[in-house]
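> Quick check, what structure comes out for this input:
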Amino acid sequence: MKDQVTQNAPSKALAHFAASLSIDDVPERTRNRARLHVLDGLGLALASRAHPYADSTLAAVKELSDGGGTCSIIGQSARATVRDAALANGILIHGLDFDDTHQQAIVHPTAACLPAALGVAEAADLTGRDLLAAYCIGMEAAIRIGAAVKGGFHHTGFHATGIVAHFASALAAGRLMGLNAAELVYAQGIAASTASGVQVFLEEGAWTKRFHPGWAAVAGITAATLARHHFRGPTRAYEGRFGLFDTHLQGDHHDLDLAVLSDELGTRWMMTDTALKPYPVCHFIHGAADAAIDARREIGDAAIEAVEIRLPSDTLPIVAEPEDAKRAAATEYEAKFSAHYVVATCLLRGAFGLSDLTPEALADPATKSLAARCTCVTDPESAFPTYFSGGVRVRLADGREIDRHVRINSGAGERMMHVEAVSAKFHANADPVIGGERAGLLRDTILGIEQASARDLAAAFRG
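Residues are numbered from 1 along each chain as shown. Sure, this is the predicted structure:
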């Protein structure tokens, strides 16, 4: 296949990276982080089984696969075709919105590439080393595409993960299929015609955000397979006229930095800075949640009159507006994107977990009353997008005012979660579904993935 791409084109840089990388080229620190993020993602997929969207997903996938297929679905004994298994696994990994986030890119990179990598590696009976290399390629690609636009996809109404996951999945799947660099360029070009994911779900707490990474995995596997059979895609998928950036940024290119897609690619690993979530809510709220939990220690049982929540200005349309609707969050998904609900819960309970998203928690009169007394404003001290900073100013009935601000949100930067914390989160998610003993075996398989095969891993995570 003739390589028609100019030397500095982003598609070619990413394609060469994906085709040539050896897992031995990946620094040990990066590989260690990669294993932890896979562990986190699979634990979340298992925890998703307790939620209605999982039942709908699995019923649809069973119908789509027509009872056939050999690829594994996380936490299930049933099998599906490679694309349908990837669809299900993408929805399950991202469904709780408890998965990792790269804060500069504002994307969930594990959900953006792991479902495609799992399916293709299992189907082809590849090694754990192969799987880990493809996962690292997909992670880095998703993050760099997101970072290049500096939040631009969100500003134009797109769910950034739903966009970048098409390209990350195509590169990860293509690597596992053995595509050469020229074919990987075409795979990215084909993915440019499938990449979508509108944020209209925010209006009513619809389930489509959960669907985006799964659909991207289907599209990425499809794109890579077409490219392997010499189906030609555009060679300037990102920067070309009417390419990804032209269309999805709607002509606003002033913050676009194409160099991020290729500078130090393979030597500087942006994925290493990806944050894991301590709270199962939109990452934009995490700094404010940290601040509220800290403030709770001083508040004790004192009555709260009003709360000012300080958030990065770019995040207000997602987690704070329209304010009346955010104050009245009534469903689990609305609550995940309501700074008012999350901060009110943290102030009243000193913590936030999955149990705070149940119908009983959402209906709690004290929480609803306090959320109605919360107001969101721009945080002048924010370190966004490097960190998801946040603060609270709480006015008490006794006249006191308590102010807390968190610059580096928990789980990020110097507050990154390491193996003990990630393992504890994994077991909290996985043990209720598959039991502690099986969860321990799955954890050991993931942390030793380079000595296992993709099918060993699949056998460990099946129901």
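> The strand or helix carrying Asp456 - what's its average pLDDT?
The secondary structure element spanning Asp456 is helix 454-461 (assigned by DSSP states H and E). Average pLDDT, helix 454-461: 97.
> Report all helices and strands that it contacts.
Taking 3 or more CB pairs under 8 Å, 6 or more residues apart in numbering; DSSP states H and E as contact, the helices and strands that helix 454-461 lies on are helix 28-47, strand 71-72, helix 109-123, helix 128-149, helix 436-447. In short, each C-beta sits where N, CA and C put it, glycine included.
> most neighbours per residue, which of the ones you listed?
helix 109-123 (a mean of 32; mean count of other CB atoms under 10 Å).
> starting at the chain centroid, how far to it?
When C-alpha coordinates are averaged (CA atoms, centre = their mean, to the nearest Å), helix 109-123 and its chain have centres 13 Å apart.
> Verify the stated contact: Gly146 with Thr101.
No: the pair Gly146 and Thr101 fails to qualify as a contact (CB atoms under 8 Å) at a distance of 10.0 Å.
> Please enumerate the shared neighbours of the two.
Val107 (CB atoms under 8 Å, 6 or more residues apart in numbering).
> Name the next helix or strand downstream of the host helix or strand of Val307, please.
Secondary-structure element containing Val307, defined by DSSP H and E: strand 304-311. Tracing the chain past strand 304-311, the next element assigned as helix or strand by DSSP H and E is helix 316-319.
> quick one: the strands in this structure?
71-72, 79-80, 304-311, 374-378, 390-396, 401-406 (DSSP state E).
> Who are the packing partners of the first one?
Taking 3+ CB pairs under 8 Å, 6+ apart as the contact definition, the neighbouring helices and strands of strand 71-72 are strand 79-80, helix 82-94, helix 109-123, helix 454-461.
> okay, the helices and strands packed on helix 454-461 in a markdown table with mean pLDDT and distance to Arg415 next?
Converted to a markdown table, these look like this (pLDDT from 0 to 100; distance: least, CB to CB, whole Å):
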| stretch | mean pLDDT | distance to Arg415 |
| --- | --- | --- |
| helix 28-47 | 98 | 15 |
| strand 71-72 | 98 | 34 |
| helix 109-123 | 98 | 19 |
| helix 128-149 | 98 | 19 |
| helix 436-447 | 98 | 22 |
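> Out of these, flag the one nearest Val218.
Set against Val218 and scored by CB to CB, the helices and strands packed on helix 454-461 come closest in helix 109-123, at 8.3 Å.
> tell me the angle that closest one makes with helix 28-47.
When axes from the mean of the first three to the mean of the last three CA atoms, to 10 degrees is applied, the directions of helix 109-123 and helix 28-47 differ by 90 degrees.
> sorry, back to before: closest one to Ala460 among the strands of the chain?
strand 71-72 (9.6 Å).
> Sheet-wise, list the partners of that closest one with their directions.
Pairing partners of strand 71-72, with direction, according to DSSP bridges: strand 79-80 (antiparallel).
> residues in contact with the partner strand?
Against strand 79-80 from outside (CB under 8 Å, 6+ apart): Val61, Lys62, Leu64, Ser65, Gly68, Gly69, Thr70, Cys71, Ser72, Ile73, Ala85, Ala88.
> coming back round to it: now render the helices and strands packed on strand 71-72 as TSV, adding distance to His16.
Rendered in TSV, the data for the helices and strands packed on strand 71-72 read as follows (distance: least, CB to CB, whole Å):
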stretch	distance to His16
strand 79-80	33
helix 82-94	25
helix 109-123	18
helix 454-461	24
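> and Ala237, which of the ones you listed is closest to it?
With respect to Ala237, and counting by CB to CB, the nearest of the helices and strands packed on strand 71-72 is helix 109-123 at 16.0 Å.
> who does the closest one touch, helix- and strand-wise?
Secondary elements touching helix 109-123 (3+ CB pairs under 8 Å, 6+ apart): helix 28-47, strand 71-72, helix 82-94, helix 128-149, helix 160-177, helix 208-228, helix 454-461.
> picking that back up, of all the helices and strands packed on helix 454-461, which lies closest to Ala15?
With CB to CB as the criterion, Ala15 lies closest to helix 128-149 of the helices and strands packed on helix 454-461, at 9.9 Å.
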